[in-house]
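Engineer: here is a sequence with its predicted model. Questions after.
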Amino acid sequence: MPIGSRTVSSTLKATVSLAHEIHSYRNFLTSRFHSLRETGAPIDVHPEVDEALAHNKPVVALESTIITHGMPYPASMDMAQSVESIVRSTGCVPATIGIIDGRIKIGFEPRNLERLASRSANPLKISRRDIGAAIVAKNDGGTTCSSTLIFAALAGIKVFATGGLGGVHRGGENTMDVSADLHELTRCPVGLVSAGVKSILDIGRTLEYLETLGVPVVSYGEVRDFPAFYSRKSGHQAPWNVTNPLDAARILYTHRQLGMTNGALFAVPIPEKYEAASAVIQEAVELAVRESEESGVSKLGKEVTPWLLKRVGELTQGRSLESNIALVRNTALIGGQIAREYANLAEEDGRIEARTFLIVSASSDPNLSSMHVRPSAALNNGNASIVVVGCAAVDITSKIEQTPSSSQKTTHPGKLSLTLGGVARNIAEAAHRILTGLKGKNSATLLMAPVGEDMFGRLITDSTQSMGMRADGLSLVPGQRSAVCNVVLDAQGGLETGIADMGLPHLWKGSEVFPVLRRHPPRFLVLDGNISSETMTAIVTEAATSDVEVFFEPTSVAKSTRIFPAVIANLGQTPRSVISYASPNLLELGYMFDEARTALDLLSHDHWWRVIDGFSLGSNFRLELGQLAKARVSEKAPELGDLSFLVNKGVVQMAINLLPFFRHLVIKCGGLGVVVVMRLGDANIGSWAKERSNPHDRYIVAHSQNLAETIVVQHFPPVHVQPSTVVNTTGAGDTLVGALLAMLVQNPDTFQDVVALRNAVDTAQRAAVLTLQSSCAVSPLLSSLPLQPLQ
């Protein structure tokens, strides 16, 4: 069984497992596109498209020359938005393709559509021959069918919907004027859905040329009549026809099974209601063609088609534009239906685009470790604003198709998925995605975590790099296994059993962290609860000497108290709290409080008494807290009840008792929102100095004498999410923390500013919702998350 230049001996004692359907890392395993992005190729894949491709969700490619050269503005913009909406209505993700500032965009933001449609940057018409030159010149460009086919094929998109295909121009037997679109269909395995070829062309010779090239031509309908763009019939026949999207998808899928690299043309006739106008429009087409020949326009190459379409629109007084928009909308609808059926076929057949991934334990072969590209011993990508220390893991999820009625010692049909996980890794990815694109922030987040000498470690390292994240903080630990969690779910998605091989983070000493803290201290040091108390204590002590703010993520109830030895070791060294930020959920908060009060007796420590006395909390604070408890969790969701749990369950009381050790507590309350309980001194009180309690606005403020200490308790309502859209709950809390850290990097005084804090928590909650709706541990859509608050 070859792996690169090596083979695995038949006497291996290790278990070799084939993990099929690795949805989350399809891009990692489809090496061509992955390698392009690795080399820094000027390609930007929209996060929504990226996520869809990674999980075998249907995507439909859309061209942009029709926006830049095919229709006048603003009709071009309206058409582009309408077509994307139609694709979404079929359950697919639209991926409009074009070039902005010399970068290929696979999937557009609305501002990109507006930019191309308005022609504000004089976009060019980009065919295969123009790609390299346009990128070097940093031009904008609308991609033709040929270049759209190229980029769709590179990304792994299987269906492309457009208006009309290019072809052989009239007189092409003499001028050799043949569109590059035709040749591209011979080398791009993409189904092109169009209303035939443009009626300004020589349709008969175009069909003959496609036959010579070996491109399948399939009419979509009950008959084999090949459409003529504005008309449902051209007078020519296609060799094949299909009557439904499933059969069309089967043709494409059969090509894939056979390893064929050509595409196919699906010719969809214009809706019948527009057939009546076709005769008038065709007369205008013939007149426009004659005018182009008489004026010499017909010799202008790629400028001919835009000129003819514009002239036909003028001659028909806009009727041709109406028909053009209708046929494009129709092909988008059919294209979406075909793409959805193709995705279903791939899912049912169990042959997702990701190749089968071979996982071998490195301990079975002493030579296998040479396959691992060891991370650089020196951190070489610049200073980091955030250093996240803890666990990077691989999560394997197995879901049984049908839950067995009794315990059977046998295999069961089901599906497996493999994703990256680990609390520290999730936090780092969330922060990275939000900070990506901000000037000077692309390397602001550094993940420092151990990986084992095995293929899981290779996967973690390579996939981290493929996301554009820094991987120079990943430390290869020879002879150890990477952290892996393998869970088995029943048919309803409930946990049946699982195995967590998470020993590596606990064994790791974290010695690589200390040089970073000494030479290039970050603004924030984040610790997850997976590392040992001993390692945590050493790191926190070093951070204190470098004046680095520490953010602790408890990770779980059992691990939430591992931070306390670090707290005790540094208690009293400074008047401020040892840990700057902590983000427990309600259960973790309770466990941490009980541990501090009983097992460790920290609530009897002199430091604790001095700090608590300095708060000067009295009856007025308790009164205001009672008023806050009467407020609704959310004005938009009265069914969630009120905030009485803050008092009845002792949430605020426990948090305030922990403030001598943790300066700011960000308490994750799940569907009840977020509660922040924080301690501000006179030197960092910020705008809170002028604030007074406002239970109606969900916060209470308690100032001590001379503003030496200020305590703030604030509740942030949850961001609404439809339960039916929730896909995954495991990474939402980590995403919230990562997003909050990203906001802190942009504004380190966030907690000192009333408005900035509200905006930051709002952004963090919206980020968490995106992850709830994603099958990834961290949603790729965070990369395009607007940072302004919801209104």
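Structural biologist: In hand now; what should we look at? Numbers count the residues shown, from 1 in each chain.
Engineer: so for stretch 605-615, what gets flagged as buried?
Structural biologist: Buried positions in stretch 605-615, judged by neighbour count with 16 or more other Cβ atoms under 10 Å: His605, His607, Trp608, Val611, Ile612, Gly614, Phe615. Every residue, glycine included, has its C-beta placed from N, CA and C.
Engineer: and what of stretch 722-741?
Structural biologist: 728, 730-741.
Engineer: those residues into a markdown table, with extra columns for pLDDT, distance to Arg679 and secondary structure?
Structural biologist: Formatted as a markdown table, the buried residues of stretch 722-741 follow (pLDDT from 0 to 100; distance: Cβ to Cβ, whole Å; DSSP: H, G, I helix; E, B strand; the rest coil):
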| residue | pLDDT | distance to Arg679 | secondary structure |
| --- | --- | --- | --- |
| Asn728 | 74 | 34 | coil |
| Thr730 | 79 | 31 | coil |
| Gly731 | 86 | 29 | coil |
| Ala732 | 91 | 27 | helix |
| Gly733 | 93 | 23 | helix |
| Asp734 | 95 | 25 | helix |
| Thr735 | 95 | 26 | helix |
| Leu736 | 96 | 21 | helix |
| Val737 | 97 | 19 | helix |
| Gly738 | 96 | 23 | helix |
| Ala739 | 95 | 23 | helix |
| Leu740 | 96 | 17 | helix |
| Leu741 | 96 | 19 | helix |
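Engineer: the residue nearest to Pro638 when sequence neighbours are not counted: how many residues sit nearby?
Structural biologist: Sequence neighbours aside, Arg632 is the residue nearest to Pro638 in space, at 6.2 Å (criterion: Cβ to Cβ, 6 or more residues apart in numbering). Residues lying near Arg632 (other Cβ atoms under 10 Å) number 15.
Engineer: so who does Arg632 touch?
Structural biologist: Pro638, Leu640, Gly641, Asp642, Leu643 (Cβ atoms under 8 Å, 6 or more residues apart in numbering).
Engineer: shaky segments in the stretch 51-200 of the chain?
Structural biologist: 172, 174-175, 199 (pLDDT under 70).
Engineer: mind doing that once more with 80?
Structural biologist: Along the stretch 51-200 of the chain, the parts satisfying pLDDT under 80 run over 54-55, 169-177, 198-200.
Engineer: which residue of the protein sits farthest from its center?
Structural biologist: Distance to the chain centre peaks in the chain at Glu294, reaching 52.9 Å (criterion: Cα atoms, centre = their mean).
Engineer: can you give me the strands in the stretch 201-350 of the chain?
Structural biologist: Applying DSSP state E, counting those that start in this stretch to the stretch 201-350 of the chain gives strands spanning 217-220, 240-242, 264-267.
Engineer: and if you look at the stretch 401-550 of the chain?
Structural biologist: Under the criterion DSSP E, counting those that start in this stretch, the stretch 401-550 of the chain contains strands at 414-421, 445-452, 474-477, 483-489, 495-501, 524-528, 549-553.
Engineer: the fourth one to strand 495-501, inter-axis angle?
Structural biologist: This means strand 483-489. Here the directions of strand 483-489 and strand 495-501 differ by 170 degrees (axes from the mean of the first three to the mean of the last three Cα atoms, to 10 degrees).
Engineer: quick one: strand 483-489 to chain centroid distance?
Structural biologist: The chain centroid and the centroid of strand 483-489 are separated by 22 Å under Cα atoms, centre = their mean, to the nearest Å.
Engineer: show me what that strand is packed up against.
Structural biologist: Where contact means 3 or more Cβ pairs under 8 Å, 6 or more residues apart in numbering; DSSP states H and E, strand 483-489 is packed against strand 393-400, strand 495-501, helix 503-507.
Engineer: let me know the average pLDDT across the longest one.
Structural biologist: Spelled out, it's strand 393-400. For strand 393-400, the mean per-residue pLDDT is 86.
Engineer: please apply the same query to stretch 524-537.
Structural biologist: On average, stretch 524-537 scores 95.
Engineer: what comes up buried for that stretch?
Structural biologist: For stretch 524-537, by 16+ other Cβ under 10 Å, it's 524-533, 535-537.
Engineer: could you dump the residues you listed to TSV with distance to Thr419?
Structural biologist: Shown next, in TSV, are the buried residues of stretch 524-537 (distance: Cβ to Cβ, whole Å):
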residue	distance to Thr419
Phe524	26
Leu525	26
Val526	21
Leu527	23
Asp528	17
Gly529	21
Asn530	17
Ile531	22
Ser532	25
Ser533	29
Thr535	26
Met536	26
Thr537	32
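Engineer: returning to that earlier point: need the strands of the stretch 401-550 of the chain in JSON lines with distance to Pro227, can you?
Structural biologist: What follows is the strands of the stretch 401-550 of the chain, written out as JSON lines (distance: least, Cβ to Cβ, whole Å):
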{"stretch": "strand 414-421", "distance to Pro227": "40"}
{"stretch": "strand 445-452", "distance to Pro227": "52"}
{"stretch": "strand 474-477", "distance to Pro227": "55"}
{"stretch": "strand 483-489", "distance to Pro227": "48"}
{"stretch": "strand 495-501", "distance to Pro227": "53"}
{"stretch": "strand 524-528", "distance to Pro227": "59"}
{"stretch": "strand 549-553", "distance to Pro227": "59"}
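Engineer: low pLDDT regions in the stretch 651-791 of the chain?
Structural biologist: In the stretch 651-791 of the chain (pLDDT under 80), the answer is 682-684, 705-707, 727-730, 775, 784-791.
Engineer: show me where it has strands.
Structural biologist: 662-668, 674-681, 699-703, 709-716.
Engineer: and the angle from the second one to strand 709-716?
Structural biologist: It refers to strand 674-681. Using the same axes, to 10 degrees, strand 674-681 lies at 170 degrees relative to strand 709-716.
Engineer: what pairs with strand 674-681, parallel or antiparallel?
Structural biologist: As defined by DSSP bridges, the strand partners of strand 674-681 come to strand 662-668 (antiparallel), strand 709-716 (antiparallel).
Engineer: please name whichever of those strands is nearest to Pro695.
Structural biologist: Nearest of those to Pro695, taken as Cβ to Cβ: strand 709-716 at 9.6 Å.
Engineer: leaving out sequence neighbours, find the closest residue to Ala760.
Structural biologist: Nearest non-adjacent residue to Ala760, counting by Cβ to Cβ, 6+ apart: Met743, 3.8 Å away.
Engineer: look up how far Leu435 lies from that neighbour.
Structural biologist: As judged by Cβ to Cβ, to the nearest Å, Met743 and Leu435 stand 10 Å apart.
Engineer: circling back to that earlier point, which one of the strands of the stretch 401-550 of the chain has the lowest average pLDDT?
Structural biologist: Comparing mean pLDDT over the strands of the stretch 401-550 of the chain, the weakest stretch is strand 495-501, at a mean of 82.
Engineer: roughly how far apart are the residue nearest to Asn585 when sequence neighbours are not counted and Pro554?
Structural biologist: In this structure, Asn585 finds its nearest non-sequential neighbour in Lys668, 4.4 Å apart by Cβ to Cβ, 6+ apart. To Pro554, Lys668 is 10 Å away according to Cβ to Cβ.
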